[in-house]
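K.L.:
Sequence and predicted model, in that order:
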Amino acid sequence: MAFNFNWSPLIADTERVRDMLTNALNKSPKPPIIVDDIIVNELNLGSTPPELEILEIGDLAEDRFRGIFKMSYTGDAYLTLKTRVQANPLNTYLSTKPSFASPQPLAASSSLTIPIQITLSEFRLSGFVILVFSKQKGITIVFRNDPLEKLKVSSTFDSIPFVRDYLQKTIENQLRILFMEDLPAIIHRLSLRVFSPDYQTAENQEPKKTDEEKPIDPFASPAQQPIDGDDINSSFSLETPIETYASFSQKNLVRLAALSESQRTLSLFTPSIRDTVYRAWATAIQRDDISNGTSTPTRPITLSRLQSSMSHGALSSAASQVSGVGSEATRPSLASMATGSTSTVYTLGSGAQRSRPGKKRKHRIVNLRRDKTQEGASEVASVASSYDDSASRSISGSARSSVERTGTLQSTAPTSNEREGEITTPPRSPKKTVGFSSDGQGDEKVGHHEPQRSRPHTPKSRLEPGPSHDTDPTPRASTVLPEKPARRPAVNQLPRMQSFPSRSPSPELRRSSSSDIGRSASELRLQSLVAAFSEGSSGGILEQAWMQKMASEIARKVEQERSKQRPWRPLSEDGISESAEAPPAYVS
Amino acid sequence: MLDFMDYVQTAFYRTSRWNLDNSYASLTTTSTNLLDFRIPSGIRLHVSSLSAPNFATSYTLGSRGVVDGSLSFLYTSLGLQVASRSSEVYLSSLVRGYRHLQELKQPEESHWRQLLEKGQHKDALLYGRLYLPSSTLEALYLRRISPSQLLRVNCVSDGNLPNGGSLLAVLQNDFGKYSTEYLYSSDSSLIGVRGLYNFGYDPRFPNFQPASRPPAHPWDHQNGRLSAGAEAYFSPLNKSGGISTGLRFTTLPIHTGFPYTMTLTINPLMGNLSSTYAVKAGSNLALCSRFDFNVYSYESEVVVGMELWHRKQPEPEVMWAAEKLRSGWARTDADVNGVLKARVDNHGKVGVLWECRAKELLLSLGAGVDLKKRDRMLGSVGIDISYSS
């Protein structure tokens, strides 16, 4: 086995490293002799890479690595710091002493601050390094011992032995802290930027995403909701120049875009993915689950649906990957891959602890299922599944809409506009999840929309007084209340995505809703699928390689599982624990 | 405003006839009082009492985010006859402002002989202070060894300090014409020497009266006093040290014009120059400025400060008499309402302090403002309330 360390790209990024080092150096309380901020003036990593000796490799896979190295560095890196120091030793000395017992000199302790340039060179490092790499979590490096062996500090004060010794000592101490505590953080952050696939994919797909972002991002443009249904289809194929919004940071945009896109693409294959989302977000959505349950007839059904949806999601992604491998066309894989990775990214970013293990487990399940279906798994299969789903969805959607219509009929006139929005929603099921993720913002809207949701379900549901009900100020609420809980799970997210402006029940809206209903869901799916494919074509070698890897891995796992189901479990368990134990501490 | 315990210590110095001003350490007392006054922060309550002429206690309770406090006790072998009630203490003896230097006096051998004949021991003062949350203990020992000598030992015990604390011993000799100090600090064995020499009138030979004596040299001002001093410190452990020299010219009470004080201190090692000029512009107003300059780093600083005594208007019946008082004459202190001190420097830092008496309490209100920081202009605000009996 061989590792190829590329030393040069790191050098190119010294700008950012300098900033991080500056921050790190100024974080800890400085000794009294240093009276100003420490600024990293120059940083050169030199041309000699450190020598690494592999002592142990704990975990090795395409997307993760864990090992222990013995590192020794005798390179020509140097670092130049700039700061201001107190040149009067008496001043420094007295500043740390209690004033009561200080001699209190009249002027002998007057301060003289001198700008100083310190050059640290001739680093001699040796130590044991624990390196943990994970595609999602970046690189975590921990020094097991104090790696600093020798260091040459040359400064403006080399001629004054006291000051020189003091500086040497102080800086060595500071550096030890840096190596043990701050450097791992810096490297981790850097790696997240540079190596993390999430960031990479995000960056690659940035233009499209920003494009899609506009209509879908509930923050950015809540009023553009009506376009959403078409948008799904159009957004993928559309390639427009990058647009930056002043109010949103690029990173956030990318994240949101990744999230929304992932949901969309997932929904292509498994429309019922929303249920899965519920589960992943168990605590937040418990309410909704309960409400789900309240629709009495569906309770068992929903459960099963959950299961199926999970498997669906897994299947679809796996299938698409496989298909990508099998057939030359990379298109589906891209979409699915992007979705997979991006979704994970999102969870990482959000830092929800609960979600991570959940995700992992899901992955495992994915793998398991995949092997069963793997042979047959192909684009067709996925398409078929999507078809099924869409069909069911459309049915349900139409049913719902009809129900709603009746609801609207029952309800008084003023509420009609809200209903309109709802009606339009069902076909846009994929977006529901997105809306869900943006839960926080949508709250007020939720309040508005609940009454509508509840209405259609009047007959079925028992009263489930959720907190949201209380917010409903409208008089209708009381009448509608009993019905609410039933519909909520399904419809819940829809309204949030759309900001319902004061839309009067305009004819066009009606039309759109009706057209939506009329339009077969499968059609939608197809379109989106096509879009996904077209987008997938942009996928690079990396994705192909990744897919191949995935496929092979899947195959391997399948075999493993088949041969011995027993051992595989523990293995996976190990993996989970490992990944969980890998310290994400530096995710910022 | 002086702490009650500092007030008692000052009383001890005065009662034992020790001239605090004749020392190199107090060369810039005036400018320090006018420019470097302490601004209280947070709320601080002092309750003190001089329960007996020989014994004083003081309790402090402060709140600056966290509540802290201190207990202090003082014992002196010399009975102190000073006003201790906060309603009676003269503000002028509590608030340190422009410092009028008095004529030098010869160390009084006769007074000491009297004391010894009476069987009294040499005067001593013991003082201890315990800071409560931090468990820091301060101790002070003062002893008049001889008419011209004073031994001072300061100790601090604190677990956070290296070696658990530090000790400073100072031996001061005051011969009137000149004075010397020898210091030793247990912290890194710092050794220090300070000396001050007064040109002109020599109190040891009082026959040469200032007015009758011809000037010995051009700068021998009849109405003022020129003093020069130096200090040197060296730490054998650190192999570091520091020196400084200083000059001061101040007018004496016989000066007919407005009193003023000029000082110049130089740190030749660090290239620091500091010059101050303080003027007592009126009986109620003192102005002071200080200019610091470093010849190596070209850093400079200017501070300007003032002190304004607010006095009650005399009764209309005695107005004519009050008008006839000359500015230089000593005044009774009873009519002082309060003292306002203010300072501003070239970095935009402004400090204001108002010290007054309110019924039985002594109040000290202060605020520090940083004009350069737009977001957080108000640096520190505080009030000290003290009551003593």
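P.N.:
Nice, thanks for sending it over.

K.L.:
So which residues on the stretch 251-389 of chain B come close to chain A?
P.N.:
Residues of the stretch 251-389 of chain B lying near chain A by C-beta under 8 Å from any C-beta of the partner chain: B:265-267, B:269-272, B:274, B:292, B:294, B:296-297, B:299. Yep, even glycine has a C-beta here, placed from its N, CA and C like the rest.

K.L.:
which two from these end up farthest apart in space?
P.N.:
The span of these, defined through C-beta to C-beta, is set by B:265 and B:297 at 17.0 Å.

K.L.:
how about the nearest residue to residue B:234, chain neighbours excluded?
P.N.:
Excluding its sequence neighbours, the residue lying closest to residue B:234 (C-beta to C-beta, 6 or more residues apart in numbering or on different chains) is residue B:241, at 3.8 Å.

K.L.:
what sits against the one you found?
P.N.:
Taking C-beta atoms under 8 Å, 6 or more residues apart in numbering or on different chains, we find residue B:241 in contact with A:89-90, B:232-235.

K.L.:
Give me the phi and psi for it.
P.N.:
For residue B:241, the backbone dihedrals are phi -170, psi -170 (criterion: degrees, to the nearest 10).

K.L.:
so residue B:170 makes contact with residue B:181?
P.N.:
Yes - counting by C-beta atoms under 8 Å, residue B:170 does reach residue B:181; the two are 6.0 Å apart.

K.L.:
which secondary element of chain B has the worst mean pLDDT?
P.N.:
helix B:109-117 (a mean of 68; mean pLDDT, DSSP states H and E).

K.L.:
Buried residues, the helix or strand just after that helix. List them.
P.N.:
Using DSSP states H and E, the helix or strand that follows helix B:109-117 towards the C-terminus is strand B:124-131. By neighbour count on 16 or more other C-beta atoms under 10 Å in any protein chain shown, the buried set for strand B:124-131 is B:124-125, B:127-131.

K.L.:
any idea which of those residues is closest to chain A?
P.N.:
residue B:129 (8.4 Å; C-beta to the nearest C-beta).

K.L.:
For ChimeraX, write the selection for the buried entries among the residues of the stretch 251-389 of chain B next to chain A.
P.N.:
A single ChimeraX command selects the buried members of those (16+ other C-beta under 10 Å):
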select /B:265,266,267,269,270,271,272,274,292,294,297
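
K.L.:
Format the residues of the stretch 251-389 of chain B next to chain A as TSV; extra columns: secondary structure.
P.N.:
As requested, these are exported to TSV (DSSP: H, G, I helix; E, B strand; the rest coil):
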residue	secondary structure
B:265	strand
B:266	strand
B:267	strand
B:269	coil
B:270	coil
B:271	coil
B:272	strand
B:274	strand
B:292	strand
B:294	strand
B:296	coil
B:297	coil
B:299	coil
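
K.L.:
Mind listing the residues bridging to residue B:226?
P.N.:
residue B:249 (DSSP bridges).

K.L.:
Chain A versus that one, what's the distance?
P.N.:
Distance of residue B:226 to chain A, given as C-beta to the nearest C-beta, to the nearest Å: 17 Å.

K.L.:
wait, doesn't that residue sit right on residue B:198?
P.N.:
Yes - using C-beta under 8 Å, residue B:226 is in contact with residue B:198, at 7.5 Å.

K.L.:
Which one's more surrounded, those two?
P.N.:
residue B:198 (21 against 17; other C-beta atoms under 10 Å in any protein chain shown).

K.L.:
got the contact list for that one?
P.N.:
Residue B:198 neighbours (C-beta under 8 Å, 6+ apart): B:22, B:104, B:176-178, B:225-227.

K.L.:
Quick check, residue A:97 in contact with residue B:165.
P.N.:
No - the criterion here is C-beta under 8 Å, and residue A:97 misses it with residue B:165 at 10.4 Å.

K.L.:
Could you name every residue contacting both of those two?
P.N.:
Counting by C-beta under 8 Å, 6+ apart, nothing touches both residue A:97 and residue B:165.

K.L.:
closest to residue B:360 among the contacts of residue B:198?
P.N.:
Checking the contacts of residue B:198 against residue B:360 with C-beta to C-beta, the nearest one is residue B:22 at 35.8 Å.

K.L.:
Dump the buried residues of strand B:124-131 to TSV, plus distance to residue B:369.
P.N.:
As requested, these are exported to TSV (distance: C-beta to C-beta, whole Å):
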residue	distance to residue B:369
B:124	44
B:125	38
B:127	35
B:128	36
B:129	31
B:130	34
B:131	28
